[in-house]
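Engineer: Following is a predicted model, sequence given first.
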There are 2 protein chains.
Amino acid sequence: MALIVHKYGGTSMGSTERIRNVAKRVAKWAHGGHQMVVVPSAMSGETNRLLALAGELTPATTTVEVLRELDMIAATGEQVSVGLLAIALMAEGLDAVSYTGWQVPIQTDSAYTKARIQNIDDKRVRADLAAGKVVIITGFQGIDEHGHVTTLGRGGSDTSAVAVAAAMKADECLIFTDVDGVYTTDPRIVPEARRLRSVSFEEMLEMASLGSKVLQIRSVEFAGKYRVPLRVLSSFTPWDIPIDEEAASGTLITYEEDEKMEQAIVSGIAFSRDEAKIAVLGVPDRPGIAYTVLGAVADANIDVDVIVQNVSHEGRTDFSFTVHRNDFSRAMDLLESKVVGAIGASGLVGDPKICKVSIVGIGMRSHAGVASKMFRTLSEEGINIQMITTSEIKTSVVIDEKYMELAVRALHKAFDLELPTT
Amino acid sequence: MALIVHKYGGTSMGSTERIRNVAKRVAKWAHGGHQMVVVPSAMSGETNRLLALAGELTPATTTVEVLRELDMIAATGEQVSVGLLAIALMAEGLDAVSYTGWQVPIQTDSAYTKARIQNIDDKRVRADLAAGKVVIITGFQGIDEHGHVTTLGRGGSDTSAVAVAAAMKADECLIFTDVDGVYTTDPRIVPEARRLRSVSFEEMLEMASLGSKVLQIRSVEFAGKYRVPLRVLSSFTPWDIPIDEEAASGTLITYEEDEKMEQAIVSGIAFSRDEAKIAVLGVPDRPGIAYTVLGAVADANIDVDVIVQNVSHEGRTDFSFTVHRNDFSRAMDLLESKVVGAIGASGLVGDPKICKVSIVGIGMRSHAGVASKMFRTLSEEGINIQMITTSEIKTSVVIDEKYMELAVRALHKAFDLELPTT
């Protein structure tokens, strides 16, 4: 008998008919002799509906008090889901009970709309499991030390499920979603893209941070910290496929590097179209200049991604970085009005029409020449590289947005990702 | 500076536009120097939508576990309302904070879907009021001693508002609704019906129990127990009418009998179409027979309203009572199969096409002949009275359903209810 956590996304919970299917799938696992904890998202569209209502009333200034109320409102979507799923499970003849974040309780900090989980008390849940009940816990939310409702931000239900699995030392956490696993790249761009049967935690982390939307990045971080056995799989297979078959489907996130005999050098190609490039030109090259430029941007709550500083030439350097495309004009205005003149830079240029393409692979650590193969491939396609950053297991380039599909396809082929692994 | 509780019904909260109007009305009172606590219902239609979703999944057997989940689901409607109203108040420039039943906390028993309030801890609310905030509290719900969410049943937000007003010793509790007060009878039946400027608590209690839908009967009981100054008024007047004018509108529920110099003998005509009549004929007249008949009905969770036992004749009596029309066939089946034979009664007859019409008035206590005037009026209209019950301040008759409107109009005229009171 194992302790299993299932997480179901909003699409899987999108109607009472689908909720009934979720209940049948959970019941199958429970009848298979497992202790079951289930973390469902809100019904698809519900969180948006609630926040749109709030948006029609929200005052001009978004204070912490307003954010608190947004969490109060948004948290109800998951509360409805857990109640409905509990009822559906009872209709399947199982004992079931639902809990909100505050009932468990799932303790968080007070950062409304993007709170972080601090502690989960599993006493109540364990008692119910011991009594033979399926326990259903709201995703996406918790309670802070003052008894206020908090939410974890978009996709937070993944994090809730992983955190519950970690706190309870679950044998496995299954994330049921609308894709059937993690792919070498987006199949909409490369039809030959393959599902990975397993992917290392580090690779998954890079892919999530690079724009692959399969799992919320914080849930991957959480999984890594507590080494939660995590599997991403489809909720659109028939509910009654055998447990053994289901338990081997999707993509498993692994923590042991030697699990696979032969490690693929590159596991996947990630990309993101959501970025924009900004360069401050002719910056006097003196200590503290990076802080002066990026500090101003950070103070305006704009996240910076890729940062490149060229070697200086005659005491001056060019300083480039990327921001989310939504923040582009705000960042440009800010730099123009407050930074360029103040530091004596010679100019400011920006380009919102760029994209970021990355190769990710744990095998890159021990294989030289992977990055240069990437650069050669792009060069052979006539694609100019504007910025480069590297980490131990990924290499990212910033290129003109119009070359994105071409670059992804060429790299997918160059690294043999369409071939089945042994 | 007074402490004022406002309660707004689902229609008043039915859209963001209407919520904005509620916020402006509350802001007017706050700017008028009052400490404000607001109890809103769920947006109209929301509770029905949630329970309909649950209904599509509910198992055949409704256990206490199922009822618990229904409360979990239904309670979210009000949680959304309080968050939206708090945001709308902030947009009006006020400090505001919302609380759910469990956050206050409003302690209830564990009777899911019809819980009763046991205790309200007002410490948190008082601190916020002292800090100059408008406090918004979910209606309809609370938390039981085990930390489960409970709801108070349909119309429970009235009870929540009155209970909060009682616990905080509020100066007045204003129930804003879609009618502008309590009328001598339903204006849809008698166009000449007048709004009562005040009505005694006892009369209000009788009217609520007799089918007048203005206030939930439990909220009236609660108000009476703690003598909460209670006013029913319209939320569809312009929000910016002067506070003095608004504070004198609607209908005030009073507790002092001598408040009015001249007490009207009859204050209103109530009626209910929801009942059905059952008679067990030729029952042997011996001690315990009422319990034998009605005990069986009560054990099946069927509420009995009017009960009449005729004087016995040759050791046998007829035993009549009314039940809710929805329970009629179940009650008939039960009596036929388990009671009639067992007690040796001679027969069973029933009629679901009856109605109950009542005259209510605190002045009836000191005026003889009120009931006989009622009977004479009905007789003059050729309406046969099938059953009669009386209390100190009301007289009810059961008549054929088809005479209901005629009876109400005739009685309204006979007791001069269309004339303005001094």
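Structural biologist: Structure's in. What do you need?
Engineer: For residue A:253, which non-adjacent residue is spatially closest?
Structural biologist: residue A:230 (4.2 Å; C-beta to C-beta, 6 or more residues apart in numbering or on different chains). Quick note: C-beta positions are derived from backbone N, CA and C, even for glycine.
Engineer: How about the contacts made by that neighbour?
Structural biologist: By C-beta atoms under 8 Å, 6 or more residues apart in numbering or on different chains, the contact set of residue A:230 is A:162, A:165, A:172, A:173, A:175, A:223, A:252, A:253.
Engineer: which of those residues has the most neighbours?
Structural biologist: The residue in those with the most neighbours, by other C-beta atoms under 10 Å in any protein chain shown, is residue A:162 (31 neighbours).
Engineer: how close does the residue in the stretch 151-300 of chain A that chain B sits nearest to sit to residue B:91?
Structural biologist: Closest contact between the stretch 151-300 of chain A and chain B, by C-beta to the nearest C-beta, is at residue A:151 (11.7 Å). Distance of residue A:151 to residue B:91, computed by C-beta to C-beta, to the nearest Å: 21 Å.
Engineer: neighbour count winner among the two?
Structural biologist: The neighbour count for residue A:151 versus residue B:91, taken as other C-beta under 10 Å, is higher for residue A:151 (30 against 20).
Engineer: which residue is nearest the middle of chain A?
Structural biologist: Geometric centre of chain A, nearest residue: residue A:216, 2.1 Å, by C-alpha atoms, centre = their mean.
Engineer: Pretty sure that residue sits against residue A:209.
Structural biologist: No. Applying C-beta atoms under 8 Å, one finds residue A:216 not in contact with residue A:209, separated by 10.7 Å.
Engineer: Could I get the contacting residues of the residue of the stretch 151-300 of chain A closest to chain B?
Structural biologist: Contacts of residue A:151 were listed using C-beta under 8 Å, 6+ apart, and they are A:70, A:71, A:74, A:75, A:112, A:113, A:114, A:115, A:140, A:141, A:142.
Engineer: Does the second one touch residue A:111 like I think?
Structural biologist: No. Counting by C-beta under 8 Å, residue A:111 is not a contact partner of residue A:71; they are 9.9 Å apart.
Engineer: Could you double-check that residue A:164 sits in contact with residue A:36?
Structural biologist: No. With contact defined as C-beta under 8 Å, residue A:164 does not count as touching residue A:36 (11.7 Å).
Engineer: Which strand or helix spans the closest residue to residue A:88 other than its chain neighbours?
Structural biologist: Counting by C-beta to C-beta, 6+ apart, residue A:23 is the residue found nearest to residue A:88 once chain neighbours are left out, at 3.7 Å. Using DSSP states H and E, residue A:23 maps to helix A:16-31.
Engineer: Over to residue A:69?
Structural biologist: Using DSSP H and E, the element containing residue A:69 is helix A:64-74.
Engineer: can you pull the contacts of the nearest residue to residue A:201 once chain neighbours are set aside?
Structural biologist: Take residue A:201 and drop its neighbours on the chain: the residue closest to it by C-beta to C-beta, 6+ apart is residue A:224, 4.6 Å away. The contact partners of residue A:224, by C-beta under 8 Å, 6+ apart, come to A:201, A:202, A:205, A:255.
Engineer: Check residue A:282 too.
Structural biologist: Residue A:282 neighbours (C-beta under 8 Å, 6+ apart): A:316, A:317, A:318, A:345, A:346, A:347.
Engineer: could you point out where chain A is predicted with low confidence?
Structural biologist: Along chain A, segments meeting pLDDT under 70 span A:210-212, A:257-263, A:421-422.
Engineer: Check which residues of stretch A:331-350 are buried.
Structural biologist: Judged by neighbour count using 16 or more other C-beta atoms under 10 Å in any protein chain shown, the buried positions of stretch A:331-350 are A:331, A:332, A:334, A:335, A:339, A:340, A:343, A:345, A:350.
Engineer: Just list whatever residues bridge to residue A:251.
Structural biologist: residue A:232 (DSSP bridges).
Engineer: I figured it was touching residue A:177, is that so?
Structural biologist: No. Counting by C-beta under 8 Å, residue A:251 stays clear of residue A:177, with 10.6 Å between them.
Engineer: Find the residues that touch each one of those two.
Structural biologist: Joint contacts of residue A:251 and residue A:177 (C-beta under 8 Å, 6+ apart) are A:232, A:233.
Engineer: Show me chain A divided up by domain.
Structural biologist: As assigned by automatic domain parsing, chain A contains the domains A:3-179+A:214-258, A:261-422.
Engineer: Pull out the buried positions in the helix holding residue A:23.
Structural biologist: By neighbour count with 16+ other C-beta under 10 Å, helix A:16-31 contains the buried residues A:16, A:18-30.
Engineer: now do stretch A:396-411
Structural biologist: The neighbour-count check on stretch A:396-411 (16+ other C-beta under 10 Å) flags A:396-399, A:401, A:403-411 as buried.
Engineer: Could you dump those into a markdown table and include secondary structure?
Structural biologist: Formatted as a markdown table, the buried residues of stretch A:396-411 follow (DSSP: H, G, I helix; E, B strand; the rest coil):
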| residue | secondary structure |
| --- | --- |
| A:396 | strand |
| A:397 | strand |
| A:398 | strand |
| A:399 | strand |
| A:401 | helix |
| A:403 | helix |
| A:404 | helix |
| A:405 | helix |
| A:406 | helix |
| A:407 | helix |
| A:408 | helix |
| A:409 | helix |
| A:410 | helix |
| A:411 | helix |
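Engineer: Can you get me a residue count around the residue nearest to residue A:171 when sequence neighbours are not counted?
Structural biologist: Taking C-beta to C-beta, 6+ apart, and ignoring the residues beside it in sequence, residue A:171 has residue A:2 as its nearest neighbour in space, at 3.9 Å. With neighbours defined by other C-beta under 10 Å, the count for residue A:2 comes to 13.
Engineer: Quick one: residues contacting residue A:2.
Structural biologist: A:34, A:35, A:171, A:172.
Engineer: coming back round to it: helix or strand for the residue nearest to residue A:201, just tell me which one.
Structural biologist: Under the criterion of DSSP H and E, residue A:224 resides in helix A:217-226.
Engineer: buried stuff in that helix?
Structural biologist: Within helix A:217-226, the residues that count as buried by 16+ other C-beta under 10 Å are A:217, A:218, A:219, A:220, A:221, A:222, A:223, A:224.
Engineer: Tell me how far the residue in chain A sticking out farthest from the centre lies from chain B.
Structural biologist: What lies farthest from the middle of chain A is residue A:314; by C-alpha atoms, centre = their mean that is 42.6 Å. Noted for residue A:314: a distance of 54 Å to chain B, by C-beta to the nearest C-beta, to the nearest Å.
Engineer: hang on, the earlier thing: what are the phi and psi values for the residue of the stretch 151-300 of chain A closest to chain B?
Structural biologist: When read as degrees, to the nearest 10, the backbone of residue A:151 gives phi -120, psi 160.
Engineer: for residue A:32, same thing?
Structural biologist: Torsion angles, degrees, to the nearest 10, at residue A:32: phi -70, psi 0.
Engineer: show me where the stretch 101-250 of chain A has helices.
Structural biologist: For the stretch 101-250 of chain A, the helices defined by DSSP state H, counting those that start in this stretch cover A:123-130, A:156-167, A:201-209, A:217-226, A:243-247.
Engineer: which of these is buried the deepest?
Structural biologist: With neighbours taken as mean count of other C-beta atoms under 10 Å in any protein chain shown, the helices of the stretch 101-250 of chain A reach their highest mean count in helix A:156-167, at a mean of 27.
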